[in-house]
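Asks: have a look at this prediction, sequence included:
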Amino acid sequence: MGNKINRKRKRKHERSWKLGQQTARDCDSSFARKIEKIKKEKIMVSADFITTSLKCSANFLGCFAEDQLKNLSLTSFPCFLIVNIDSSHMDGSHWIGLGIFKDALEIFDPLGFNILNWPRIPCGLLDFLHNFSRSRNVKILPRIQSDSSMLCGIFSIYYVIRRKTATFDTCLNCFNFENFVVNDGVVCNFFK
């Protein structure tokens, strides 16, 4: 009986994975090549890259520096945004994905939303999240990104695309929570 249930869950997971992959290809067919270049050159993903990659995502509001969130007024849910923990006058150091729903706030931070893993404390982001967390159930991604990875923006793009066809828990089921190094390959395979 247990094997039958596990096979059914696996098929459902594979179906949502494939739907997400198709959505990613519809957005940008050359995405996999761009990710390989980012990995090879060890460069940070830019806000322009993220915005262009998610141009087809209906509920994606855009990329923001943490100090730009105070000017953001949200009235329609669900909505998704990707935030850099640096202020707008800084270079940018780490991207996180946010999903805001009527009854839930999802924080998809590949570093596990642990300020000890961040180069600075983003007060504007924390204020923004506090305002939305008061009336919503908060879900936080456990750490999945290694210290050597530069793909936080790619993980965040994955979340926005995959969340359209899968639950929050399903979005993280494919990652390894003990060996973070393999997760770069997992997220890159999603875009192939």
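Replies: Good, I have the coordinates. Numbering: from 1, shown residues only.
Asks: in the chain, which residue is most central in space?
Replies: Nearest to the geometric centre of the chain sits Ser156, at 2.2 Å (C-alpha atoms, centre = their mean).
Asks: outside of whatever helix or strand that residue lives in, which residues touch it?
Replies: If you go by DSSP states H and E, Ser156 is part of helix 152-162. The contact list for helix 152-162 (C-beta atoms under 8 Å, 6 or more residues apart in numbering) reads 16-17, 20, 23-24, 27, 35, 38, 44-46, 49-50, 53-54, 57, 60, 80, 82, 94-97, 99, 108, 110-111, 141, 144-145, 170-171, 183, 187-188, 190-191. Just so you know, the C-beta spots here come from the backbone N, C-alpha and C atoms, and that holds for glycine as well.
Asks: repeat that for stretch 167-183.
Replies: 13, 16-17, 99, 104, 106, 108, 110, 139, 141-146, 148-149, 155, 158-159, 162-163, 186.
Asks: among the residues you listed, which are in strands?
Replies: Judged by DSSP state E, the subset of those located in strands is Gly99, Ala104, Glu106, Phe108, Lys139.
Asks: any of those buried? List them.
Replies: Buried members of the ones in strands among the contacts of stretch 167-183, counted by 16 or more other C-beta atoms under 10 Å: Gly99, Ala104, Glu106, Phe108, Lys139.
Asks: pick out the most distant pair among the residues you listed.
Replies: Ala104 and Phe108 (12.2 Å; C-beta to C-beta).
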